[in-house]
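Chemist: sequence first, predicted coordinates after that:
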Amino acid sequence: MTTIGIFGANGRMGRALVSVAAEQKLKLTQATVRQGSALVGVDAGELAGCGKLGLMLSETCLNSVQQADVWVDFTMPEAMLAQLELAVQAKKAMVIGVTGLSDEQYAKVKAASELIPVVWAPNMSVGVNLLLHLVQTAAKVMGQSADIEIIEAHHRFKKDAPSGTALAIGNSIAKALGRDLSQCAVYGREGITGERDQQTIGFATVRGGDIIGDHTALFADLGERLEITHKASSRSTFAQGALRAALWLQNKQPGLYSMQQVLGLADLA
């Protein structure tokens, strides 16, 4: 049975991962926190609110990383890269749900995937990954005449904008239309902007309260509009997808895999 480790088990997603892993009776063998944390030795289940598991939080180090087959990371870019180095040293597979990566940071993930199997995705939920396929179909049918906007909303604590999921939606649409998102994206508008350029893909970002994650792709033509929306009401949906990816990764060859591949959606493209 695949053994699973969780980096940053004290974070919002870390606690969700512990809870879902316990609910699904997966073999969770390690849950780590940063070195020097006062939480070392605390029961991971109690911290996650799912009751005692007998699994105590440990410091992130090479020894702890060696105690699980696959690691799941939803921390921050800098911490994730340090943990990825440990996974490479230990030859352990890794599932990465960290967004807001710079080009240089993403290049390091790709380089690591030449040595270990890695799943990286801006969003681990089944619904969002299905949405990425639906927007491609909509773009092919309506994209030559409709104005395309992507609206996303997240909690006040989110540090990157637009969200990685919003950018993934934009890239899926741009790919379907043969456009380069880096050339056609518009991030917010202010002042006298003039008429909208139909070739652009607009992004609008909302931050507030405890919104888990809402994403809408809007295709607005004259006389009609199509909206494709996904709303997450619990972090457990991302945890479920990430743990599904962790089980899928076991015994895979080194490489950089997507959630589309994990879910079998890549074959539908």
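Modeler: On my side now, so go ahead. Numbers count the residues shown, from 1 in each chain.

Chemist: low-confidence ranges, the protein, go.
Modeler: For the chain, the stretches flagged by pLDDT under 70 are 266-269.

Chemist: which stretches in it count as strands?
Modeler: Assigned strands in the chain, in chain order: 3-7, 27-33, 58-59, 70-73, 93-96, 117-120, 147-154, 185-187, 201-207, 213-221, 224-232, 255-257 (criterion: DSSP state E).

Chemist: and the contacts of the first one?
Modeler: Which is strand 3-7. 14, 17-18, 21, 26-32, 44, 60, 64-65, 67-75, 79-80, 83, 92, 243, 246 (Cβ atoms under 8 Å, 6 or more residues apart in numbering). Every residue, glycine included, has its C-beta placed from N, CA and C.

Chemist: rerun at 7 Å
Modeler: Residues outside strand 3-7 that contact it (Cβ atoms under 7 Å, 6 or more residues apart in numbering) are 14, 17-18, 21, 26-32, 60, 65, 67-73, 75, 83, 243, 246.

Chemist: which of those count as buried?
Modeler: For these, a burial check counting by 16 or more other Cβ atoms under 10 Å picks out 14, 17-18, 21, 26, 28, 30-32, 60, 65, 68-73, 75, 83, 243, 246.

Chemist: which residue ranges of the stretch 51-200 of the chain form helices?
Modeler: 62-65, 77-90, 103-112, 126-142, 164-177, 181-184 (DSSP state H, counting those that start in this stretch).

Chemist: redo the strands of the chain as CSV? Include distance to residue 179.
Modeler: Formatted as CSV, these follow (distance: least, Cβ to Cβ, whole Å):
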stretch, distance to residue 179
strand 3-7, 36
strand 27-33, 42
strand 58-59, 46
strand 70-73, 32
strand 93-96, 27
strand 117-120, 23
strand 147-154, 10
strand 185-187, 9
strand 201-207, 7
strand 213-221, 14
strand 224-232, 18
strand 255-257, 24
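
Chemist: single out the most deeply packed of those.
Modeler: Of all these, strand 93-96 carries the top mean neighbour count, a mean of 28, counting by mean count of other Cβ atoms under 10 Å.

Chemist: for that one, name the packing helices and strands.
Modeler: Applying 3 or more Cβ pairs under 7 Å, 6 or more residues apart in numbering; DSSP states H and E, one finds that strand 93-96 makes contact with strand 70-73, helix 77-90, strand 117-120, helix 236-249.

Chemist: try it again with 6 Å
Modeler: strand 70-73, strand 117-120, helix 236-249 (3 or more Cβ pairs under 6 Å, 6 or more residues apart in numbering; DSSP states H and E).

Chemist: what's the angle from the longest one to helix 126-142?
Modeler: For helix 236-249 against helix 126-142, the angle by axes from the mean of the first three to the mean of the last three Cα atoms, to 10 degrees is 90 degrees.
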